[in-house]
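Enquirer: need a 3D model of the sequence below.
(2 chains)
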Amino acid sequence: MLFNSLDFLIFFPIVVLGYFLISDDIKYLWLLVASYYFYMCWNAKYALLIFFSTVVTYSSGLLIDKAKTVLQKKLTVAVSFSLNLSVLFYFKYCNFALDTVSKLFQSMNIELHVPVFDILLPVGISFYTFQALSYTMDVYRGEIYAQKNFFRYALFVSFFPQLVAGPIERSKNLLQQLSAPKKFCFEAARDGFLLMLWGFFLKIVLADRIALFVDTVYADYTKFGGWYLIVATMLFAIQIYCDFYGYSVIAMGAAKILGIQLMDNFDAPYLSASVAEFWRRWHISLTSWFKDYLYIPLGGSKKGTLRKYLNKMIVFLVSGLWHGASFSFVAWGGLNGLYQVIGEMLKPVRDKAVAFFGLHRESFAHRLAHIAGTFVLVDFAWIFFRANQFKEAVSIIKNMIVVRNPWILFDGSLYECGLDQKSFWFMIFCIGLLLFADCCRVKGIVIREVVIRQDYWFRWLFISASVCFLLVFGIWGTLYDAAGFLYFQF
Amino acid sequence: MRKGYKKFISVLICFVIFLLMFTAVSHFLMRKTSYIKNADFYSYKEDYDVLFLGSSHMVMGISPMELWNDYGIVSYNLANYGQWLPVDYWVLRNALDYTKPKLVVLDVRAIDINQNKFSPEHISQLHEVFDNMPLSKNKIEAVFDLLPEGKRMEYLFDFSIYHTRWSEIDESFFAKANPSTEKGANLDNANNFEEATVEEIKPPVLIDKDDMQLDETTGKEYLRKIIELCQKQDIEILLTALPYSPSDAYQRWLNSAAVIAKEYDIPYLDFNVEDTFVNYNTDYFDDAHLNSSGNRKATKVLGEYIVKHYSLKDYRDSEIASEWNQDYKEYTDYKVKWLKSQKNLNSYLMLLSDKQYNIIIDIYNPDIWKDPVYVHLFENLGVSMDEVTDTTDCLVIKEGGANVDVLNGFHSSEGVSETSIGRLGLLIDEMDDAGTVTAFGIYLNDEKRYTASLGEQAGIRILVLDKDSMETYDSAAFSYIVEKQKKYHLTTTAVNR
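Expert: Numbering: from 1, shown residues only, chains lettered A, B, ... in the order given. Next comes the predicted model:
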């Protein structure tokens, strides 16, 4: 079930109404049933995979709790990780691995007949698997007690707002909240509703509109070379942000209406002044997951500079692989890791240059230049993310450089790439709104709170006009098949 | 508790404001064509005696307003473009929630269509049918019956498709949409006041009426459903096949409707016969649909049949007459406005075949008789070619739908002639130094109606008057040159349009 579907618009109010009407004792069971229904609307059979992951990690929690030795605990963690990652590997990486092996042998002139499995990638498998594994680790580290109530734990793994595209919640935050039934809070519900409106704006007004342009150009990148690709790639950076950020915000809003606070997943990432800062602000729940459960166990930065660089590269290569079973994703992850390693290696040189030229690091211009530079680097890496294959990404970059057509920025050619002139400029206007909102966020201004502080008549008009705005300007309805959220596939 | 109450009221008010805003926005962005066509039907408080159903043939073919004027019949044309028989069935079911007709006239043109699920090319046409249909159980059932899964939402909630029209907003969005004055009918391009169309088509090669295509189709299935629905509700039903130029194969389909009519013991009028009332040279919009001239003839013939065979009340002296007369006046004004917008002589002459006009046609240049297209159009107005001379100027005077006078060589000298519309006089207005007439005035009942200068003598001037008040509706002039290629061809230019 998509958030931007009629099904969800019917499903969600029913869930909310039921949740606040039924007895506190069974609230979590109601949400559990709703969550499984939510997932099964996509594919009923694949709900078994969530169930399997739930059983394994729930049992591992109990076993770790009861284990008497560290070895027993470690063994339990290892079994839990192995079983969960095996399922993930089979459904997500099996064909990729077999294909890679086959090509490797081919390069050595050895013909290998490897089978190709017809496997449908379960929606959100990487999200709920990582969330469930974090529980095993947290229990192992003694950060939380094992959850005794199986159904409550099952709800933690399958909680519908963040089930298929995050944020990847930690047991410390979510499990505790799910254990304490919530009473209806008008202020929280209103805030959640406003969050959902903002999320829908990002998704159906911005991301889906930008997608019309980007998809047109990338679908025929040999025809749309040069500046077409440059503009499309810049827009793709915004598209993927709006798409994923939109989903996260809708998830946060939906959870908030139910009285549950999910973690922030994005913090104005494109206003970052370095790639490292970008990754602290982008998909925060995943980055922090890798930091806590991979980077630190690998030794983090405490085992020397070289090891730190290696650990960073490992984390980003794995992160690339987490996003998709393809070398283009690995390249994307690797590139982001490389940016940071090179950035750190060149830091003494950069410091000297700043001192030599007498630049002011705190000045607005300096930060702006850094923000622009970071955007260019991150955006360049997105090419590998967006392209279907590594080879395709290379061809796109080549077409971007070789074809010279700057006039298309002025002669109206851009209006022939899936968006007419009015839609194109409306998109630019909406990107301006997003930039404004992100700047407010950086300054610590929460626009929702500003709205709520206004007189009641303004709030009424603002909320009503916002819903009408979404309905009119959103990409939805007959002429448009509701596009899935990009991050479902991960 | 009190605080909770206030919050509840606050949410409620916010919701009401949203509903008001949304209603205004959705009305603003909605395509108005469906509203324009059928708003009149839904707003009428009394019952219609006759409903017309069918596809484009019927919507362009029969005019309820002419039926009112001629016979006092109270009717509405619920036919529409691409409205196949399955759609007709649901349109009728919906209509019966609003009115109780005594007679349903159904055109069976779409009898061959063997599908009830609509494909993308008909999506737009179906919107014409459904957009203005109030949401009801019938409408929901209709949408589920007629449309495949995934295509239904836009008919039940048309904002889901029309919200994208924000990028098309122009002046027309802010104009008030007025319901059509045609009671559901649609005279070819009259809606947008575009050029009326005259298309010469080949007469059909008629086959034997017993030669039939008896295969069952969805069209036939729904035809039976319509008949049964009418009979169940004690509504008489008349099947028609309005005239056009059907192929042999199509004639077989049309012939097979007679079997169904016989099965249910109901009349079937197939107008695709040898002795037809239509003129294939002047009465068609294209090879399948009647134009305004054809519409008038079909309406007249069908009206006569209805009056003769069904005991329907003539409402012209009833309490509803003033309302319908007012509607008819608006309809007339609309037709006049359309006539005045015409820029082609052939379109203009076709539209003149309306009996509400008295007409003076001043033909300075007799070359017009060389082009058979115009000969047919004048014959359609009732002018006999035996009466005109092709070497001199001539004046054609037509009174309403009846008398036609032809005055050959009228411009040769000053004088007065008695005609069916009154005393017509010509007086010289200007002469040059050499004594040549440069301008003359045309007088009707001693009142000067127009001055014609020599410059106009290369063409034709037409004066259109209200049949009753003799008030001038329009005065149009066209010049033309005649060229002979394979045959004579007239190239006309509107002089004063």
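Enquirer: who touches stretch B:441-452?
Expert: Residues from elsewhere that reach stretch B:441-452 (Cβ atoms under 8 Å, 6 or more residues apart in numbering or on different chains): B:360, B:362, B:364, B:416, B:421-429, B:439-440, B:461, B:463, B:470, B:472, B:475. Just so you know, the C-beta spots here come from the backbone N, C-alpha and C atoms, and that holds for glycine as well.
Enquirer: for the residue in the stretch 101-250 of chain A that chain B sits nearest to, give me its contacts.
Expert: As assessed by Cβ to the nearest Cβ, chain B sits closest to residue A:186 within the stretch 101-250 of chain A, at 4.9 Å. When contacts are counted by Cβ under 8 Å, 6+ apart, residue A:186 touches B:4, B:7.
Enquirer: kindly provide the distance from it to residue A:85.
Expert: Look at residue A:186 and residue A:85: by Cβ to Cβ, to the nearest Å, they are 43 Å apart.
Enquirer: start to end distance for stretch B:76-84?
Expert: By Cα to Cα, to the nearest Å, the extent of stretch B:76-84 from end to end equals 18 Å.
Enquirer: for it, give the mean pLDDT please.
Expert: Summarised as a single mean, pLDDT over stretch B:76-84 is 91.
Enquirer: which secondary structure element of the chain has the lowest mean pLDDT?
Expert: The chain I'm using is chain A. Using mean pLDDT, DSSP states H and E, the weakest-scoring helix or strand in chain A turns out to be helix A:94-107, at a mean of 81.
Enquirer: my bad, chain B
Expert: strand B:488-494 (a mean of 69).
Enquirer: before we move on, back to that, pull out the buried members of the contacts of stretch B:441-452.
Expert: B:360, B:362, B:364, B:421-422, B:424-426, B:440, B:461, B:463 (16 or more other Cβ atoms under 10 Å in any protein chain shown).
Enquirer: can I get these in a markdown table with distance to residue A:390, pLDDT and secondary structure?
Expert: Formatted as a markdown table, these follow (distance: Cβ to Cβ, whole Å; pLDDT from 0 to 100; DSSP: H, G, I helix; E, B strand; the rest coil):
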| residue | distance to residue A:390 | pLDDT | secondary structure |
| --- | --- | --- | --- |
| B:360 | 83 | 92 | strand |
| B:362 | 82 | 89 | strand |
| B:364 | 81 | 85 | coil |
| B:421 | 87 | 87 | coil |
| B:422 | 91 | 87 | strand |
| B:424 | 90 | 87 | strand |
| B:425 | 93 | 88 | strand |
| B:426 | 91 | 85 | strand |
| B:440 | 89 | 82 | strand |
| B:461 | 78 | 89 | strand |
| B:463 | 80 | 92 | strand |
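Enquirer: shaky segments in chain B?
Expert: B:1-3, B:116-123, B:188-192, B:454-458, B:486-490, B:494-497 (pLDDT under 70).
Enquirer: what comes up buried for the strand ranked longest in it?
Expert: Longest strand in chain B, counting residues (DSSP state E): strand B:472-484. Of the residues in strand B:472-484, B:473-474, B:476-480, B:482 count as buried by neighbour count, 16+ other Cβ under 10 Å.
Enquirer: equivalent analysis for stretch A:145-163, please.
Expert: A:146-147, A:151-163.
Enquirer: how much space separates the spatially most central residue of chain B from residue B:330?
Expert: By Cα atoms, centre = their mean, chain B has its centre lying nearest to residue B:187, at 2.2 Å. According to Cβ to Cβ, residue B:187 and residue B:330 sit 14 Å apart.
Enquirer: for the stretch 51-200 of chain B, which residues are neighbours of chain A?
Expert: Residues of the stretch 51-200 of chain B found near chain A (Cβ under 8 Å from any Cβ of the partner chain) are B:151, B:153-154, B:159-161, B:163-164, B:166-167.
Enquirer: and for stretch A:264-277, what's in contact with it?
Expert: Here stretch A:264-277 makes contact (Cβ under 8 Å, 6+ apart) with A:166-167, A:237-238, A:241, A:244-245, A:248, A:252, A:278, A:280-285, A:336, A:339-340, A:343, A:367, A:370-371, A:374-375, A:377-378, A:438-439, A:441-442.
Enquirer: what helices and strands are in contact with the longest helix along chain B?
Expert: Counting by DSSP state H, the longest helix found in chain B is helix B:2-29. Judged by 3 or more Cβ pairs under 8 Å, 6 or more residues apart in numbering or on different chains; DSSP states H and E, helix B:2-29 is in contact with helix A:456-473, helix B:159-162.
Enquirer: pretty sure residue B:237 belongs to a helix, no?
Expert: No - going by DSSP: H, G, I helix; E, B strand; the rest coil, the assignment for residue B:237 is strand, not a helix.
Enquirer: do you know how far it is from residue B:229?
Expert: Taking Cβ to Cβ, one finds residue B:237 at 9 Å from residue B:229.
Enquirer: same check, this time on residue B:73
Expert: Computed with Cβ to Cβ, the distance linking residue B:73 and residue B:229 is 22 Å.
Enquirer: so between the two, which is more surrounded?
Expert: More crowded of residue B:73 and residue B:229, by other Cβ atoms under 10 Å in any protein chain shown: residue B:73, with 24 against 17.
Enquirer: name the element the closest residue to that one other than its chain neighbours belongs to?
Expert: Of all residues not flanking residue B:73 in the chain, residue B:67 sits nearest, at 4.2 Å (Cβ to Cβ, 6 or more residues apart in numbering or on different chains). According to DSSP states H and E, residue B:67 maps onto helix B:64-71.
Enquirer: so what touches that helix?
Expert: B:50, B:52, B:73-77, B:181-185, B:295-296, B:299-300, B:303, B:306-307, B:314-316, B:324, B:327-328, B:331.
Enquirer: now intersect those with the strands, please.
Expert: B:50, B:52, B:75-77.
Enquirer: buried subset of these?
Expert: For the ones in strands among the contacts of helix B:64-71, a burial check counting by 16+ other Cβ under 10 Å picks out B:50, B:52, B:75-77.
Enquirer: show the contacting residues for the residue in the stretch 1-150 of chain A positioned nearest to chain B.
Expert: Residue of the stretch 1-150 of chain A nearest chain B, by Cβ to the nearest Cβ: residue A:6 (7.3 Å). Residue A:6 makes contact with residue B:153 under the criterion Cβ under 8 Å, 6+ apart.
Enquirer: pLDDT at it, what is it?
Expert: Listed pLDDT for residue A:6 reads 84.
Enquirer: quick check: which element contains residue B:209?
Expert: Here residue B:209, judged by DSSP H and E, is contained in no helix and no strand.
Enquirer: once you drop chain neighbours, what's closest to it?
Expert: residue B:255 (5.4 Å).
Enquirer: and the contacts of stretch A:251-261?
Expert: Outside stretch A:251-261, the residues touching it (Cβ under 8 Å, 6+ apart) are A:3, A:12, A:15-16, A:19, A:31, A:159-162, A:165-167, A:173-174, A:177-178, A:182-185, A:188-189, A:191-199, A:262, A:264-265.
Enquirer: again, only this time at 6 Å
Expert: Contact partners of stretch A:251-261, identified using Cβ atoms under 6 Å, 6 or more residues apart in numbering or on different chains, comprise A:16, A:19, A:161-162, A:177, A:182, A:188-189, A:191-192, A:195-196, A:199, A:262.
Enquirer: out of those residues, which are inside helices?
Expert: The subset of those that ends up in helices is A:16, A:19, A:177, A:188-189, A:191-192, A:195-196, A:199, with DSSP H as the criterion.
Enquirer: neighbour-wise, which one of those residues leads?
Expert: Of the ones in helices among the contacts of stretch A:251-261, with other Cβ under 10 Å as the count, residue A:192 tops at 25 neighbours.
Enquirer: now the strands for the stretch 51-200 of chain B?
Expert: All strands of the stretch 51-200 of chain B, identified by DSSP state E, counting those that start in this stretch, fall at B:75-77, B:103-107.
Enquirer: give me the phi and psi for residue B:290.
Expert: Torsion angles at residue B:290 (phi, psi; degrees, to the nearest 10) stand at phi -80, psi 150.
Enquirer: beta-bridge partners for it, please?
Expert: residue B:284 (DSSP bridges).
Enquirer: show me what from chain A comes close to chain B.
Expert: Taking Cβ under 6 Å from any Cβ of the partner chain as the measure of proximity, chain A contacts chain B at A:186, A:422-423, A:460, A:463-464, A:467-468, A:471-472, A:477-479.
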